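Undergrad: requesting a structural model of the entry that follows:
(chains A, B, C and D)
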Protein chains: 2
Amino acid sequence: MNIGEAARASGVSAKMIRYYESIGLIGSAVRTQAGYRVYEEADVHTLRFVRRARDLGFSVPQIETLLALWRDRSRASADVKQVALAHIAELEARMRQLKQMADTLRHLADNCCGDGRPHCPIIEELSEGAEAASSRSPHASARR
Amino acid sequence: MNIGEAARASGVSAKMIRYYESIGLIGSAVRTQAGYRVYEEADVHTLRFVRRARDLGFSVPQIETLLALWRDRSRASADVKQVALAHIAELEARMRQLKQMADTLRHLADNCCGDGRPHCPIIEELSEGAEAASSRSPHASARR
DNA sequence: GTTGACCTTGCCATCATGGGAAGGTGGATG
DNA sequence: CATCCACCTTCCCATGATGGCAAGGTCAAC
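TA: Below is the predicted model:
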């Protein structure tokens, strides 16, 4: 099957299949004489694995690890669990950051009349900046 | 004051100050004869505003809007609030995505013994893919 | 033999940020 | 005055995962 069909069958775009091949996440596909990539059912299976891992927010390096564990029939489930738990921790850290931003903003917005007058605690916070708004070290860039 | 001092005073890196100038988020700094950028207290104040907005997760276009509102002494606080609420909604949407990923993973990890044996529900989910794991439309890419 | 759908590679863009190179400035010290 | 170090300048590159577009080759059907 050609790349387009593999893309439809796996839910991974043709573009991304080529990309995954280029970075070595998946093996190089067999080519026809004309240079077309050819895929088997097993490849589609792998691609679906990758897509599901992406849907769960795993990064490409993590997926590399997961693929290796998948293929390793003598893997220890502890190794898989470790990757998963590390990722959960990462997701939770990101959630905490977002939550802190949202909470701060929500608090400010709740105190903003939202009418036609210029007075606004949101703008004030940004310009005068109560650094101590929430337990945050002075310049800890809470970005991303 | 030079860019380095402005960076230290505002918490925005010199690199980013130049970047913000290049994209027009902040005005072009006055230059010395030698081409050095020169900053006043007011500029540092603006930079701090930008940094705080970034810390709250606002994108550059949103900060552009916020800066304009800040400078507009006849602004309507409703306009500021609208920007803030839209951003809160965005943050919450991202949190929901992350939460769904984390919940799914947590569930799988809870069912993984995490011992030396190969059997692992996490790997199984990825390879066999119970698409119906959590209310998620068939191929709704839950990406970012 | 033409057409249309598909494939190939390659480059560009995203978004905010950092790194580094090559070269000019400025002030302090020998 | 020469030297040195810290600073400044611009320019290019990289990130991560993804999409878009363009120019050109392939294939199958009609």
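
Undergrad: is the helix or strand hosting A:V83 positioned near chain B?
TA: Assigned by DSSP states H and E, A:V83 belongs to helix A:77-110. Yes. With C-beta under 8 Å from any C-beta of the partner chain as the criterion, chain B is reached by helix A:77-110 at A:77-78, A:80-82, A:84-85, A:87-88, A:91-92, A:94-95, A:98-99, A:101-102, A:104-106, A:108-109. Where you see a C-beta, it was placed from the backbone N, CA and C, and this is true even at glycine.

Undergrad: how close does the most centrally placed residue in chain A sit to DNA strand C?
TA: Compute the mean C-alpha point of chain A, and by C-alpha atoms, centre = their mean the closest residue is A:G57, 3.7 Å away. A:G57 is 17 Å from DNA strand C, where distance means C-beta to the nearest atom of the strand, to the nearest Å.

Undergrad: least trustworthy helix or strand in chain A by mean pLDDT?
TA: Sorting the helices and strands of chain A by mean pLDDT, DSSP states H and E puts helix A:121-128 at the bottom, at a mean of 93.

Undergrad: quick revisit: which SS state does the residue nearest to the centre of chain A fall under?
TA: Following DSSP: H, G, I helix; E, B strand; the rest coil, the label given to A:G57 is coil.

Undergrad: list the contacts for it?
TA: By C-beta atoms under 8 Å, 6 or more residues apart in numbering or on different chains, the contact set of A:G57 is A:87, A:91, B:98, B:101.

Undergrad: list buried residues within the residues you listed.
TA: Neighbour counting by 16 or more other C-beta atoms under 10 Å in any protein chain shown classes A:87, A:91, B:98, B:101 among the contacts of A:G57 as buried.

Undergrad: I figured the last one was touching A:R94, is that so?
TA: Spelled out, that is B:M101. No. Counting by C-beta atoms under 8 Å, A:R94 is not a contact partner of B:M101; they are 10.0 Å apart.

Undergrad: quick check: A:A14 vs DNA strand C, distance?
TA: From A:A14 across to DNA strand C, the span is 5 Å (C-beta to the nearest atom of the strand).

Undergrad: over to A:E40?
TA: 14 Å.

Undergrad: run through chain A and note the low-pLDDT ranges.
TA: The model of chain A has pLDDT under 70 over residues A:129-144.

Undergrad: enumerate the residues of it near DNA strand C.
TA: Chain A comes close to DNA strand C at residues A:2-5, A:14, A:18, A:29, A:35-37, A:141, A:143, as judged by C-beta under 7 Å from any atom of the strand.

Undergrad: again, only using 6 Å
TA: A:2-5, A:14, A:18, A:35-37, A:143 (C-beta under 6 Å from any atom of the strand).

Undergrad: count of residues packed around A:G35?
TA: If you count neighbours by other C-beta atoms under 10 Å in any protein chain shown, A:G35 ends up with 6.

Undergrad: go on, A:R52?
TA: 22.

Undergrad: outline the domain layout of chain A.
TA: A:3-56, A:96-133 (automatic domain parsing).

Undergrad: need these in JSON lines (columns: distance to B:I63).
TA: Converted to JSON lines, the domains of chain A look like this (distance: least, C-beta to C-beta, whole Å):
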{"stretch": "domain A:3-56", "distance to B:I63": "30"}
{"stretch": "domain A:96-133", "distance to B:I63": "9"}
